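[1] predicted model and sequence below, questions to follow.
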Number of protein chains: 2
Amino acid sequence: MERNTPQRQAIREALRRADRPLGPQEILDRAGRTVQGLGMATVYRTVKAGVDEGWLKPVELPGSATRYELAGKEHHHHFACRACGSVFEVDGCPGNLTHLTPHGFKLESHDVVLYGLCRQCND
Amino acid sequence: MERNTPQRQAIREALRRADRPLGPQEILDRAGRTVQGLGMATVYRTVKAGVDEGWLKPVELPGSATRYELAGKEHHHHFACRACGSVFEVDGCPGNLTHLTPHGFKLESHDVVLYGLCRQCND
DNA sequence: AGGCAGTTGATAAGTGATTCTCATTGAGAA
DNA sequence: TTCTCAATGAGAATCACTTATCAACTGCCT
């Protein structure tokens, strides 16, 4: 059976409290404050389980490790800061993109990524 | 000085003729028909030079190698086929995305990626 | 044609992310 | 409290992509 270890609790808690998608290293840093000695392998194991169990959703952007956010949120997109590397959620969506889809193609989903400077780095 | 070798000609020609962004392996396959024995290292070298020289533009999508397309085209986005893995250009753009940008953030650029099935794979 | 410096191909090496291995630990049922 | 087996941490191993190395080759200026 599955066990409720402090490591898993800390990792889940870190992700629940985050207001933006976190990468493995960020998760390790945050959960590691609660459970010192936490290993990266455990982060990867827990995150993979979370995705399988459906409460975590991977957020993939080119050039960096996969980040994770809680699943079940409303449809949204992301903003990547080129200075600090953080990725933020942005509400809303450009809307129906069917008109961009080439003839004969079947559109199933889409991603929009905004790039620039976050509030911290914009000062 | 710089030399105009058949390898470089073939690689440039493959990219010029392509109607969609090509990855290193695709470039090798196509240019390799003209110059048999073409090595992957030469593809990477030539492509890197092309980006530096400004006539090639990298197209990065999560989970696959960087693709390249001719620079200087009109602003556009891409469609990735989940079946064959090919990436296509799509004309147009959702428009001004400033309204999605969080307060205090500075928007500099954006990417839109459509996912689904291309014409070939949709039949 | 001659000759040198830029190029090339094959392969080793490097990178960054992610997974695997395994001895040790510890959650939770009995 | 005891016992068992899932979970953990550390580091090795993978994996895919990209770059470095180096001897052999060849554009292209003279």
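    Looks like it came in fine.
[2] can you give me the strands for chain A?
    For chain A, the strands defined by DSSP state E occupy A:56-59, A:67-70, A:77-81, A:87-90, A:106-117.
[3] and chain A, which residues reach chain B?
    Applying Cβ under 8 Å from any Cβ of the partner chain, we find that chain A lies next to chain B at A:60-63, A:66, A:77, A:79, A:81-82, A:88, A:90-95, A:97, A:99-119, A:122. Every C-beta, even on glycine, is put in place using the N, C-alpha and C of the backbone.
[4] 7 Å - rerun?
    A:60-63, A:77, A:79, A:88, A:90, A:92, A:94-95, A:97, A:100-102, A:104-119, A:122 (Cβ under 7 Å from any Cβ of the partner chain).
[5] on that earlier part again, CSV for the strands of chain A, including mean neighbour count and mean pLDDT?
    Output for the strands of chain A, formatted as CSV (neighbours: other Cβ atoms under 10 Å in any protein chain shown; pLDDT from 0 to 100):
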stretch, mean neighbour count, mean pLDDT
strand A:56-59, 18, 98
strand A:67-70, 20, 98
strand A:77-81, 21, 98
strand A:87-90, 19, 98
strand A:106-117, 17, 97
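[6] just send those strands back as TSV, with distance to residue B:27 too.
    Formatted as TSV, these follow (distance: least, Cβ to Cβ, whole Å):
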stretch	distance to residue B:27
strand A:56-59	29
strand A:67-70	30
strand A:77-81	27
strand A:87-90	30
strand A:106-117	25
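[7] out of the ones you listed, nearest to residue B:72?
    strand A:106-117 (20.2 Å; Cβ to Cβ).
[8] run me through the strand neighbours of the closest one, direction for each.
    strand A:77-81 (parallel), strand B:106-117 (antiparallel) (DSSP bridges).
[9] of those strands, which is nearest residue B:15?
    Here strand B:106-117 is closest among the strands paired with strand A:106-117 (Cβ to Cβ), at 20.4 Å.
[10] which residues touch the closest one?
    A:97, A:100-101, A:105-117, A:122, B:61, B:77-83, B:90, B:93-94, B:97-98, B:101 (Cβ atoms under 7 Å, 6 or more residues apart in numbering or on different chains).
[11] next one: stretch A:74-83
    By Cβ under 7 Å, 6+ apart, stretch A:74-83 touches A:59, A:61, A:87-91, A:93, A:111-118, A:121, B:100-102, B:105.
[12] in the top helix by length along chain A, what's buried?
    Using DSSP state H to define each element, chain A has its longest helix at helix A:40-53. Residues of helix A:40-53 classed as buried: A:42, A:43, A:46, A:47, A:50 (neighbour count, 16 or more other Cβ atoms under 10 Å in any protein chain shown).
[13] residues in contact with the third one?
    What it means is residue A:46. A:8, A:11.
[14] ok, now with 8 Å
    A:7, A:8, A:11, A:12 (Cβ atoms under 8 Å, 6 or more residues apart in numbering or on different chains).
[15] then stretch A:116-123 to CSV, C-alphas only?
    Included here for stretch A:116-123 are C-alpha records, laid out as CSV according to Å, rounded to 0.1, in the frame of the first residue of the first chain:
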residue,chain,number,x,y,z
GLY,A,116,9.4,39.3,-21.3
LEU,A,117,10.1,40.5,-17.9
CYS,A,118,8.2,39.7,-14.8
ARG,A,119,7.2,42.4,-12.2
GLN,A,120,10.4,41.8,-10.1
CYS,A,121,12.8,42.0,-13.1
ASN,A,122,11.0,44.9,-14.8
ASP,A,123,11.9,47.4,-12.1
